[in-house]
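Chemist: Have a look at this fold, sequence not included:
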């Protein structure tokens, strides 16, 4: 094989600490290398053209590019060599940027290391073979997990694009966190006026199947052909016939059920519809509080239901859906602030979360839109907002900035003044992060027009003093400790990954960061893709996001799905295992260890042999390292390819 | 041997249903036995079992796949049969296992070492305690226990663990003591450089004949052994210690969780390299980490072909 | 090109493409300074790593071998690292019988987001290998030949 | 107010020394002020604890070591317990005090004198002898009215003894102090 | 019931003086509960705050000597009533895990010290080793009608990684004990606020302000008394209560008990054994009223 080597300067990113010309010169001495050069930006158009020309001029059979990580540009260069008529697998990359030039400044050592990496790449390349993908047909349905604003957007965009959508929502209604909000920043327009119609669209869209109060039990298959097992949790109400009239809820005598929609400001009934605009508007029994389910006595709801849909015997149900792509929009949870003992740890009723305050502000909320202290129902005069509760705090394991608390706190301060003109709001903050369009103007308005008192410092302690709360903080600009007598304290609690995020990630086979947020394919270039083909991300499951960003990602994920489904057939990755039928002795160890059931036993002239189902094989290579005689080889990562890399590095 | 006749009778009874029965018979001199393939009734008489029945006949089973095979096994051999069954390389229905209570087999190397060259062996008389060899008209007497194979001294399974027909009286339940690996422990007292030097010195003798592999009942790859293939190309064909040692590591690793320590590899080695020790080391670690012993239960899964989400006995490095 | 005399030792890393290779990228993007000894071989999954690769590298002259995959339960292929853990652990325990220090070979888990952890792993593993010094080498006949030639030339 | 030149006034040795002796990294502090917010002694401080952290970060050695606040910190650990960046602030205050002592600073004096009296009581008796400690303190400060009012209340309770309790190993304890003095002199 | 509770006991300097009643009641309570205490032989002062403000190795050397004394008793766990002593003992054994530091400290000592000793407070072993439920079973004279607040002070559970006891912001150990003894416990919001510590002599004004705030708050929430577990806290609140009233113009007359005193009372021990007469603010009225079963709440009102 005639090999060409291109060593990239990446501007000064590589050249500054690697002598690229020396690397190219060393490469020229390697067996097989007939052409080697250093280039300014190999990924640029002239850089790529140079590769194409060199392939033609030197009749190259394979190309090595030493530049950035293959996670960045492997696809780019594979297309380049393809343009020049080479099979795209006759290409290798040496990562001399992320793994060399960026991690140390010793130019001699870096150059030396780069030469090694290029040698490794050429040795491997010499053992590469042209690989050809297989085509397979796909199921053009899409699963959207999570019915918050990101999931709703993704579902509607896909459905409008003509795809059949299965939307699975964990709670009994879609709407997510946004449905709980009173107003949105920086426009202070009504949250439910924006979201409500979109929720109705979901309910009415002919292409959308909605499973509310359901969870993902199992995911099998691969891009184009996933098989999803959905658990429909028991609601004890036959939703086919429930009209959402709400009589059951009115009459239910169990009045102390947990009201999660209202963030537990007050209680709801054991049988309930979370809020009037719920989609679907169906009742559900909370078995923890239903006397009928607990003690077998009561049965009021069954008596009063006009359509007779109460079913105390209902069990969880499982349905299987086949789809070709998945959009994950599982959102976020609020940080459990009660770990802050210094803020009372939940012992003081008048210390509440920002989302609880939001429900209090909402006209459809439990207080009818009136701001009242939970302890005594009085209107507060001094309201203290504390920012960064569970954000930017290593000591509670949340060192990241949630990013939208500054904005909603400014909004809540403005709304407080609107509701209670005689009130005074105080905001303890560390830095104000208002980096969106019209965002900074908005926080300025809270200060300038609404006289919100911004105090730069964290709060160390809250404790009751009479019927007030004493908030003791710092004003670092004044350089001292300050105290505020507060009637109500609102904590701007940060966002964290939703509780089930890691479990779902394991089912989806996608990765997540140490906080449980899902990892995107590339932080800049693949913001909604994951490393698992056919699985996309939307909204805050990838990291805390405000509404506009979540919606944008919902649409982006939908466009990725529509793009994927624009072809009738997909090409399977040819980096799969292959059995050398002569060498196989039919022991079945590969079949035993394959996690995907991608290897089956076949009969070959009366002898048992292994056979790989190419479209199922995911290319992990567990079989290859299991087979003692090396009869099953993962293409593009064969024993010989890896051994050649080892040998290139370790020469006795 | 007392039950030799009983064994012959049982084989005679079973032979019509079988293509072949594998046992042992006399060889070039009275001190050696050789594997014996019984296909016809008249072959049965030549069958001999006793301290000279050293070969692990299970080695032949995968090659006779599809045939109806009878096999005479010592306790240790039966573990190899179990291992082959577990890996589905032989079908239980196709084989008929004849077991007998083994009292140990000799190690020819020890006899050779004790006697030196003695000329043509004329007769060999084995009792429970002693071995009397007459060679070149002269009688040599040895204590049997001095010339028994090492594995017999710590044998925990003298009776076949699995058998269809068992002749003679079982010598009792398996001894539930773990293999003690005394020699291994002694070796591990050496410093690391000494160990390294030891293997380089030992393997320097290796003539790459692969008798160790051919004798191994679990080297089921046969003609497709990684040692001599170019695809994958693990080893060169050069005469260097590196590749010779590498092969021994490959052998040991491929046997991890499978090897029953029958010792055939080491017995077969013409230049007496202690290759069994590497497998024993592997087995010891497998036993310590996974509480697993190969060749006792055909329904088990070898530890390297399975896993647990939480591994009780693996402590990962803390960085 | 030989290893920088006296400065570097030969350390080979086998890294899973989905996690640790990305973690090493993340460390690079973050400009987390690391020793230069390590050379990384990318594999699709830690389950792809035949422990014999480790032995091969050592016998061919590597001074240290590092394997890094996805954290248990986070395998892109669901189970690869579980198999890898068993197999690598066995090899880790086995190597001393050959005369290799146990610390010459380590395996660990680093995710794509853990750039800092990667930096720490590389740094401490490299330190560990430098503390052990060069691994014992098997000088084949070709090496002694070369040595002889060189001596003759001198 | 004095204008500070950030480059020329930065004492890198000081920063390094504080970090080494305290085992804490000063740059972890992002000046949220939570330590100051919870510090019960802020009322008495001339420089608040978060500002001491900032000054230390900025390498302002003289200003930090001359701060009276160092002698008014009672090591109540509020700052350490609540720091979002898990900095052991109280330990940094301790270390700054050690450095201040070495440089001959002692704040406005009374607290340091009391501590010194306390230790000299330990040094000579092995244990604290409360009356002796008080006498020693008064003789150093001239504040003879100190707690005189407590006498009638406490004396009848049998809580105050006019002789130290006997400790056999008090020489051993004294030697600890001597060796410490020798070590520090090195 | 665990019958084999056996500890080395480090009384600390104040136990011979200003907090003699803490020492008396701790010993009496442990005896009553069959907890065996053996005094650490020839113990020395831990150096308290002053030592660690001078140097960490000096402070640790003083404690290391004490820990070594414990080790010479053949015991591996030691308890002390005083949180300040506890903090120093714990800091010493924790920091001496570091070799360089250990060498430095050993250098100051006669002989290298064994500091691998687990140290706990009397409060901690009563809660964790003996158990509140077991205490509840031993109550013979419940403290019915007594309304009490629990004040822990600043270093009983801080820094949390070192002290490893109870909640750092909202400890409950003493609240739970008092509840088990039959008292009515009012949640005291300033449980871990500093009382002014050792500033009583050099900066009395600071103690007047900080301890004054504690007493004001205790009164505001309706507590008739506070319980403490720290000699310094108790001294500031009790012995200096008059000074505080004088300085702040307040009129507090609030008994400040050691929790061991009230625990002893409920276990049926005599006031004398528990050193009730040593308290500066007399608990007489309160104790009499409780003994007579009077409705204390009404009386307080």
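Modeler: Cool, got the structure. Note that the structure is predicted; figures quoted are calculated from it, not measured.

Chemist: Nearest to the middle of the chain, which residue? Look it up for me.
Modeler: Just going to use chain A. residue A:542 (3.1 Å; C-alpha atoms, centre = their mean).

Chemist: The chain in question should be chain E.
Modeler: The centroid of chain E falls nearest to residue E:229 when counting by C-alpha atoms, centre = their mean (2.3 Å).

Chemist: any idea how far the closest residue to that residue other than its chain neighbours lies from chain D?
Modeler: Leaving out its chain neighbours, the residue that sits closest to residue E:229 by C-beta to C-beta, 6 or more residues apart in numbering or on different chains is residue E:123, at 4.9 Å. (Glycine included, C-beta is placed from N, CA and C.) The spacing between residue E:123 and chain D, counted by C-beta to the nearest C-beta, to the nearest Å, is 17 Å.

Chemist: quick one, domains of chain E?
Modeler: Per automatic domain parsing, the structural domains of chain E span E:6-122, E:132-300.

Chemist: Over the last one, what's the mean pLDDT, rounded is fine.
Modeler: The one in question is domain E:132-300. Mean per-residue pLDDT for domain E:132-300: 92.

Chemist: same question, the first one
Modeler: The average of the pLDDT scores along domain E:6-122 is 94.

Chemist: what separates it from the chain centre, distance-wise?
Modeler: Relative to its parent chain, domain E:6-122 has a centroid offset of 14 Å by C-alpha atoms, centre = their mean, to the nearest Å.

Chemist: So what does the most centrally placed residue in chain C look like in phi/psi?
Modeler: Central residue of chain C (C-alpha atoms, centre = their mean): residue C:65, 2.3 Å from the mean position. In terms of degrees, to the nearest 10, the main-chain angles of residue C:65 are phi -130, psi 130.

Chemist: same thing with the one 4 residues further on?
Modeler: Dihedral angles of residue C:69 (phi, psi; degrees, to the nearest 10) stand at phi -130, psi -170.

Chemist: For it, name its beta-bridge partners.
Modeler: Counting by DSSP bridges, residue C:69 is bridged to residue C:109.

Chemist: show me the contacts for it.
Modeler: Residue C:69 makes contacts with C:15-16, C:19-20, C:45-47, C:49, C:75, C:80-81, C:84, C:107, C:109, as judged by C-beta atoms under 8 Å, 6 or more residues apart in numbering or on different chains.

Chemist: Lowest-confidence one in those?
Modeler: Among those, pLDDT bottoms out at residue C:75, giving 88.

Chemist: Look up how far chain D lies from that residue.
Modeler: Where chain D is concerned, residue C:75 sits at a distance of 32 Å (C-beta to the nearest C-beta).

Chemist: quick check: mean pLDDT across stretch A:93-108?
Modeler: For stretch A:93-108, the mean pLDDT works out to 96.

Chemist: Quickly check: it near chain C or not.
Modeler: Yes: interface with chain C: stretch A:93-108 contributes A:95, A:97, A:98, A:99, A:100, A:102, A:103, A:104, A:106, A:108 (C-beta under 8 Å from any C-beta of the partner chain).

Chemist: Can you flag the buried ones in these?
Modeler: Neighbour-count burial (16 or more other C-beta atoms under 10 Å in any protein chain shown) applied to those gives A:95, A:97, A:98, A:99, A:100, A:102, A:103, A:104.

Chemist: between the residues you listed, which is closest to chain E?
Modeler: Using C-beta to the nearest C-beta, residue A:104 is the member of these that lies nearest chain E, at 29.5 Å.

Chemist: who's in contact with the closest one?
Modeler: Contacts of residue A:104 (C-beta under 8 Å, 6+ apart): A:17, A:110, C:33, C:34, C:35, C:36.

Chemist: go on, residue B:311?
Modeler: B:289, C:85, C:86, C:89.

Chemist: What helix or strand is the last one located in?
Modeler: So that's residue C:89. Element membership for residue C:89 (DSSP states H and E) is helix C:80-98.

Chemist: buried stuff in that helix?
Modeler: Neighbour count says helix C:80-98 has C:80-98 buried, by 16+ other C-beta under 10 Å.

Chemist: Which parts of the chain belong to which domain?
Modeler: In the absence of a named chain, this looks at chain A. Listed by automatic domain parsing, the domain ranges of chain A are A:3-126, A:141-233+A:316-331+A:503-564, A:247-304, A:333-496, A:577-634.

Chemist: my bad, the chain I had in mind was chain B
Modeler: Annotated domains of chain B cover B:1-105+B:153-178, B:108-147, B:179-319 [automatic domain parsing].

Chemist: and the ones you listed as CSV, adding mean pLDDT and distance to residue E:285?
Modeler: Formatted as CSV, these follow (pLDDT from 0 to 100; distance: least, C-beta to C-beta, whole Å):
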stretch, mean pLDDT, distance to residue E:285
domain B:1-105+B:153-178, 91, 75
domain B:108-147, 90, 94
domain B:179-319, 92, 60
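
Chemist: Distance to residue C:136 for those - can I get that in JSON lines?
Modeler: As requested, the domains of chain B are arranged in JSON lines below (distance: least, C-beta to C-beta, whole Å):
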{"stretch": "domain B:1-105+B:153-178", "distance to residue C:136": "31"}
{"stretch": "domain B:108-147", "distance to residue C:136": "30"}
{"stretch": "domain B:179-319", "distance to residue C:136": "5"}
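
Chemist: closest one to residue D:85 among those?
Modeler: Ranking the domains of chain B by proximity to residue D:85 (C-beta to C-beta) places domain B:179-319 first, at 22.3 Å.
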